[in-house]
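Colleague: Sequence first, then the predicted structure:
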Amino acid sequence: MTVRPAAPGGAARPAPHVLVVLGATGDLARRKLLPGLFRLFRLDLLPARFRIVCSGRTAPEDEETFLRGVRASVEAFRGTLDDTAWREFAARITFAATDGDGGATLRKAVAAALQDVGDDASCLFYLAVPPSATEAVVRLLGTFEVTAPRKVVLEKPFGTDLESARRLNATLHEVFEERQIYRIDHFLGKEAVQNILAVRFANGVLHPVWNHQHVCYVQIDVPEQIDIQGRADFMESTGTFRDMIATHLFQLLAFVALDPPARMDGDSLHHEMAKVFRALRPPDPDRVVLGQYEGYRDEAGVDAASTVETFVAMEVYVDDWTWIGVPFHLRTGKALAEGRRTITIGFKEPPLKVFPGDVDDTCNELVLELTDDPRIFADVRAKVPGPDFVLGRGRMRLDLLDAFPEAQPLEAYERLLLDVMRGDSTLFTSTEEIELLWELFDPLLRDPPEPRRYPRGSWGPAEALRIPGERGWRLPDS
Ligand code: BG6
């Protein structure tokens, strides 16, 4: 990521673009992409010259109906909008269906938009389509004769195992060069996640203790309160391991475990992330617990005998000089007691216990809350004021919204869309990383443990509570 100094005149706008959203009538486009593009427009962060070509399998009644739908989504997810701004934005949107004519209508619409924007336009294809459609859409794009510089953005899962990931990568490479491919993991677009890098590498205080000599465990805990919310098709074909663990949680793990990159740019960061993935020990199936919430099989569209997991807890080791022997405990699942994204770094005890009395085990942890109002705190032992030397739990905290009240955070998709337009691949996943991860997961996923039932609103199956050993999970922390 190019680390830009704060510019008094605002951030630089990307060069002219035609943005082609494939799957524009789907959930992702409706909830994130189109509202996100509108917000970037309002913040003057879209190019001065741009067009948006929306595309779906079937055409809406007419373009006006489609635009009314887009407006409703933008309002639903971004609040009431300014009429003039909306009209200016909407005037740059067209719709083209992809069904039935071998892509001819879409091809024509893209060519017209490129002509409108001018010779210096780049063409960005965003594939917001179901995973099963990705390869066909990539092949269709291969038939487009676009001479403008091209980029393609893909959503996870990038394959469902090593073989399908390699096949997908091969198809992509028939049409695009690696530097034109942007694989989105929206967790990396979250302010709080990027802040892991800032806190680790912009301060001298943490680096010396960020290793196995001082850290005795790491927990990456992403429980979700929501259930599958009607996404039965997606969950039945993907499962929580591929949806969350193989993607978001391992990306977080890499951000925690990577060695300092020589520079904060895409190549240096991906080099360090790939080193972490290469050092991962194949997971021990006895240290992986899969779960399925009670009632999942009754959800509409779910197989009554489904063995798909909606929960995973596991232990992982990074066998390198920095992390040897430190367990990383990962947990995520649907229909759990709380929705959180919490990374906990547990530090070793001081070598000598000089204070009498009980020691609170959780008082030696650095905690990163990756919420929309990111917080970082360290729970430390301190003397309780008073006549006796009694230890209590104190908290040093950094509340990012308080620290930077004027800041205008971007939502993850907004940030990542902007990065793609700027040609900055730092927060996107490379082919190498994807294939290294599938190599690691393949044996486990070929013969996965049986999912255990867990009640809705709980913290998962009892077996998972035991994964971190006696100390247990930090959450719940109240
Ligand atoms: C998505 C997963 O990638 O991330 C969902 O497909 C999950 O299953 C979601 O709920 C969580 O993301 P966020 O940003 O809402 O925490």
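Modeller: Received, thanks. Since the model is a prediction, treat every value here as computed from it, not as a measurement. Residues are numbered from 1 along each chain as shown.
Colleague: Low-confidence regions, this structure specifically.
Modeller: 1-10, 478 (pLDDT under 70).
Colleague: what residue of the protein is the furthest out?
Modeller: Within the chain, residue 387 marks the point farthest from the mean C-alpha position, 49.6 Å out by CA atoms, centre = their mean.
Colleague: That residue - that's part of a helix, no?
Modeller: No - Residue 387 sits outside any helix when classified using DSSP: H, G, I helix; E, B strand; the rest coil, being coil.
Colleague: Would you mind measuring from it to residue 381?
Modeller: According to CB to CB, to the nearest Å, residue 387 stands 18 Å off from residue 381. In short, each C-beta sits where N, CA and C put it, glycine included.
Colleague: what do you get for residue 349?
Modeller: Counting by CB to CB, the gap from residue 349 to residue 381 is 10 Å.
Colleague: Common neighbours of these two, please.
Modeller: Both residue 349 and residue 381 are contacted by 359, 364, under the criterion CB atoms under 8 Å, 6 or more residues apart in numbering.
Colleague: Looking at the two, which is more packed in?
Modeller: More crowded of residue 349 and residue 381, by other CB atoms under 10 Å: residue 381, with 15 against 11.
Colleague: Neighbours of the residue nearest to residue 135 when sequence neighbours are not counted, how many?
Modeller: Beyond its immediate neighbours in the sequence, the residue positioned closest to residue 135 (CB to CB, 6 or more residues apart in numbering) is residue 171, lying 4.9 Å away. Other residues lying near residue 171 total 16 when counted by other CB under 10 Å.
Colleague: same question, the one 3 residues further on
Modeller: A count of nearby residues for residue 174, using other CB under 10 Å, gives 10.
Colleague: nearest spatial neighbour of it, skipping sequence neighbours?
Modeller: Leaving aside its chain neighbours, residue 174 sits nearest to residue 142 (6.5 Å; criterion: CB to CB, 6+ apart).
Colleague: ditto for residue 226
Modeller: In space, not counting the residues next to it along the chain, residue 226 is nearest to residue 334; the distance is 6.4 Å by CB to CB, 6+ apart.
Colleague: so how far is the helix or strand containing residue 41 off the chain centroid?
Modeller: Secondary-structure element containing residue 41, defined by DSSP states H and E: helix 34-42. Averaging C-alpha positions (CA atoms, centre = their mean, to the nearest Å) puts helix 34-42 19 Å from its chain's average.
Colleague: other SSEs contacting it?
Modeller: In terms of contacts (3 or more CB pairs under 8 Å, 6 or more residues apart in numbering; DSSP states H and E), helix 34-42 is packed against helix 63-78, helix 83-90, helix 412-422.
Colleague: Contacts for it next, please.
Modeller: In this structure, residues lying in contact with helix 34-42 by CB under 8 Å, 6+ apart are 19, 21, 24, 46, 52, 54, 70, 73-74, 76-78, 81-82, 85-86, 88-89, 410-411, 413-414, 417-418.
Colleague: again, but for stretch 366-384
Modeller: Contact with stretch 366-384 is made by 187, 190-193, 195-196, 199, 206, 252, 340-345, 347, 355, 359-360, 362-365, 389-401, 409, 474, as judged by CB under 8 Å, 6+ apart.
Colleague: From these, which land in strands?
Modeller: Taking DSSP state E, the ones among those that sit in strands are 342-345, 347, 365, 390-399.
Colleague: Can you point out the buried residues in the helix or strand hosting residue 238?
Modeller: Applying DSSP H and E as the criterion places residue 238 in helix 232-240. Along helix 232-240, the positions that meet the burial threshold by neighbour count (16 or more other CB atoms under 10 Å) are 232, 234, 235, 236, 238, 239, 240.
Colleague: Figure out how far stretch 112-120 is from the centre of its chain.
Modeller: Here the centre of mass of C-alpha atoms in stretch 112-120, compared against the chain's by CA atoms, centre = their mean, lies 32 Å away.
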